[in-house]
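Model the structure of this input:
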Amino acid sequence: LLDSRGGRFANELGTRDYLSNKTLEAEPETRTVTIVLNEGAAKDAPKHVPLYSGKGLLQRFEALGDLAAWMGVSEARLRATFHEYEEHARAGTDPFGKATFNNAVWGREGPLYAGRVTPVLHYTMGGLRVSEKGEVLTAGGAPIAGL
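Numbers count the residues shown, from 1 in each chain. Next up is the predicted model:
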């Protein structure tokens, strides 16, 4: 996961709650970050990559420069980010507490896959119960007006 400046901002393997909060901290205006998969990561997701690519949610890039242009950042910035990630992977930890680094070696060319992601409400993680419409429910299951 990369912010709008092409840098990492969180442990990508964190919980949804953690990643949602980190995304909102990193990008308070747009609430949108970029997910980037290298070829190895894409091969590890043989159902997801074709599905999301087919829906137009993931784009394929043949070269790092193409990805950089799409993101609106410099190719040098992405190279530095990926190099730093590889260094942390070799060390077995990073500043965000990540300790598992599958497919950590980033080829300098593609294919690379990227898409924009933003936090959304999938379900509540404890706390209030909500209906399919997002209405807060009483203990008996009735919607509470105005919430």
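
residues of the longest strand anywhere in the chain that come out buried?
Secondary structure of the chain per DSSP state E: the longest strand is strand 109-117. By neighbour count on 16 or more other C-beta atoms under 10 Å, the buried set for strand 109-117 is Gly110, Leu112, Tyr113, Ala114, Gly115. Glycine gets a C-beta too; all of them are placed from N, C-alpha and C.

Now the two most distant members of these.
Between any two of the buried residues of strand 109-117, the greatest separation by C-beta to C-beta is 14.7 Å, found for Gly110 and Gly115.

My guess is Gly110 contacts Trp70. True?
No: counting by C-beta atoms under 8 Å, Gly110 does not reach Trp70; the two are 11.8 Å apart.

Give me the common contacts of those two.
By C-beta atoms under 8 Å, 6 or more residues apart in numbering, Gly110 and Trp70 have these common neighbours: Phe61.

By neighbour count, which bits of the longest helix anywhere in the chain are buried? Give me those.
What stands out as the longest helix in the chain, according to DSSP state H, is helix 75-91. For helix 75-91, the buried set under the neighbour-count rule, 16+ other C-beta under 10 Å, comprises Glu75, Leu78, Arg79, Thr81, Phe82, Tyr85, His88, Ala89.

Contacts only, for the second one.
Under the criterion of C-beta under 8 Å, 6+ apart, the neighbours of Leu78 are Leu2, Gly6, Leu64, Leu67, Ala68, Met71.

okay, those in a markdown table with secondary structure, distance to Gly141 and pLDDT next?
Output for the contacts of Leu78, formatted as a markdown table (DSSP: H, G, I helix; E, B strand; the rest coil; distance: C-beta to C-beta, whole Å; pLDDT from 0 to 100):
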| residue | secondary structure | distance to Gly141 | pLDDT |
| --- | --- | --- | --- |
| Leu2 | strand | 41 | 98 |
| Gly6 | coil | 46 | 98 |
| Leu64 | helix | 51 | 94 |
| Leu67 | helix | 47 | 96 |
| Ala68 | helix | 50 | 97 |
| Met71 | helix | 45 | 98 |
